[in-house]
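S.K.: Here is a sequence with its predicted model. Questions after.
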Amino acid sequence: MSTGSGAPSAPAPTAPTTPTSRKSSMFGSLKVRNYRLFFAGQVVSNIGTWMQRIAQDWLVLGLTGSATAVGVTTALQFLPMLLFGLYGGVLVDRLNKRRALLVTQTSMALTGIALAMLTLSGHVQVWHVYLAAFAVGLATVVDNPARQSFVSEMVGPDQLQNAVSLNSANFQSARLVGPAVAGLMITGVGTGWAFLFNGLSFVAPIVGLLLMRARDLYVVERAPRGKGQLREGLHYVAGRPDLIWTIVLIGFVGTFGFNFPVYLSAFADDVFHAGAGSYSAFNTLMAVGSLVGALLAARRGTARMRVMIAAAIAFGTLEVVAATAPSLWLFALFMVPIGMFGMTVNVTGNTTVQMGTDPAMRGRVMSLYMMVFMGGSPIGAPIAGWITDAYGVRAGLAVGGAIAATAAIGIGLVLARVGNLRVSVGWHRGHPRVRFVPRESERMATVA
């Protein structure tokens, strides 16, 4: 990325960064001025995003009375990522990322305001919500990989893992506030005002981007326009088993385990016969756990595959158990650990991919990562909605969790076999510990 007339404040990263084992300050990346501006803008915008998510799901459920319709809305929002995500990554590697973000954030603001006007005027129909969700999805095709890869240009390689974790903490902190405010706003004045808040909330990140100092950004060489760049990105990932298996696991978890707009709205409305306030409470409690998971990741010195696999197994298993919860409050309590382990999977996978990727390829690789994680929703959300309508939401949640946990176990066993590892179960400082250890070490110990 061009940094303007001034010299960069630090040398440009030119090679993949290997995580170190030391723990860093939990908020170390906030010392960087440009990242502080970005972080502050995202706080406001993320609150608006969560308010719109709650309002959008509740509006569709009210207009149609169908969990499948909620699933279709979610699918339409993520369908563009599935269809065009890889091309978005190619564009991001070519473009000035700050300027690209100004365009995408503005377009999403206008979409939120348009949906607010339709709702407040009483003319909103379900196809309007579908169209708005698809429009936001189109902007996300560029916005998501641009935001992900722009982090490294703001903070550099040394603070990258911390910044990625804080971005997730930022999003989950907003998830604590957004659903609560949305629940009050929906019951008090209606969904239209939540949409309006979301549209206006994009002013904060836009102003933050405009106030950044171009000379302080780390220089990353942009890919020139040319043929075969998409194929080049796929070949790059194909030659990196660490990236492939991370993306495969994220794909299973994202497609089948993260269909919460379908599950939580149906649990609130159909199972426990509660209102929008309970739906917001479920999201808020999940955000508490997600925030804990993100902050723990910010202090973690490494992003390890075994942590992600163990978290994915726990995440899926807890979903299966939560599906059987007999009361609203017990189900609500399960949202905390589900959120924590789900966020551990997400942050660890994101950090592993970003820190293991050459900066010149980061846009394309991150677009593939996000395409698999978010683009799985057009497949998973309608399936979850269909199972929910046909067999009940308890069956839908249990099936999604079982698939996520089974995939994690399978990938863990494959990696153990490929790496000539075995599972070691034991105790460490009074706590149970499960590890993968080399078989060669075991044989040598036996011989000795």
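M.R.: Nice, I can see it. Numbering: from 1, shown residues only.
S.K.: Got the confidence number for Asn160?
M.R.: Actually, residue 160 is Leu. It isn't Asn. In this prediction, Leu160 carries a pLDDT score of 78.
S.K.: Would you mind confirming that it makes contact with Val353?
M.R.: No. Look at Leu160 against Val353 with C-beta atoms under 8 Å: they stay out of range, at 11.3 Å. To be clear about C-beta, it is placed using only N, CA and C from the backbone, and glycine gets the same treatment.
S.K.: more neighbours, those two?
M.R.: The neighbour comparison of Leu160 against Val353 (other C-beta atoms under 10 Å) goes to Val353, with 25 against 20.
S.K.: Please confirm that the more buried one is located within a helix.
M.R.: Yes. Under DSSP: H, G, I helix; E, B strand; the rest coil, Val353 sits within a helix.
S.K.: now it, nearest residue through space, not along the chain?
M.R.: Excluding the flanking residues, the one nearest Val353 by C-beta to C-beta, 6 or more residues apart in numbering is Tyr369, at 5.0 Å.
S.K.: helix or strand for the one you found, which one?
M.R.: Applying DSSP states H and E as the criterion places Tyr369 in helix 362-375.
S.K.: now swap in Ile47 and tell me
M.R.: In the assignment (DSSP H and E), Ile47 maps to helix 33-64.
S.K.: Give the buried residues for the helix or strand just after that helix.
M.R.: Per DSSP H and E, helix 33-64 leads on to helix 67-94 as the next helix or strand towards the C-terminus. Neighbour counts over helix 67-94 (16 or more other C-beta atoms under 10 Å) mark 67-82, 84-93 as buried.
S.K.: now swap in stretch 251-261 and tell me
M.R.: For stretch 251-261, by 16+ other C-beta under 10 Å, it's 251-261.
S.K.: okay but Trp245 is in contact with Met305, surely?
M.R.: Yes. Using C-beta under 8 Å, Trp245 is in contact with Met305, at 7.1 Å.
S.K.: Overlap of the contact sets of the two?
M.R.: Leu415 (C-beta atoms under 8 Å, 6 or more residues apart in numbering).
S.K.: before we move on, back to that, return the distance of the helix holding Tyr369 from the chain's centre.
M.R.: Centre-to-centre, helix 362-375 and its host chain are 11 Å apart (C-alpha atoms, centre = their mean, to the nearest Å).
S.K.: and the nearest residue to Phe334 once chain neighbours are set aside, how many neighbours?
M.R.: With sequence-adjacent residues excluded and distances taken as C-beta to C-beta, 6+ apart, Phe334 is closest to Ala322, at 3.8 Å. Neighbours of Ala322 under the rule other C-beta under 10 Å: 22.
S.K.: Could I get the contacting residues of Ala322?
M.R.: By C-beta under 8 Å, 6+ apart, the contact set of Ala322 is 331, 334-335, 338, 397, 401.
S.K.: same thing but 7 Å
M.R.: Applying C-beta atoms under 7 Å, 6 or more residues apart in numbering to Ala322 gives the contacts 331, 334, 338, 397.
S.K.: Next: Val181.
M.R.: Val181 neighbours (C-beta under 7 Å, 6+ apart): Met51.
S.K.: Let me know the distance separating it from Thr187.
M.R.: Distance of Val181 to Thr187, given as C-beta to C-beta, to the nearest Å: 11 Å.
S.K.: And for Val92?
M.R.: For Val92 relative to Thr187 (C-beta to C-beta), the value is 40 Å.
S.K.: What of Leu30?
M.R.: To Thr187, Leu30 is 35 Å away according to C-beta to C-beta.
S.K.: more crowded one of those two?
M.R.: Leu30 (17 against 13).
S.K.: Now that one. Nearest residue, chain neighbours left out?
M.R.: When the adjacent residues along the chain are set aside, Leu30 lies closest to Arg36, with 5.5 Å between them (C-beta to C-beta, 6+ apart).
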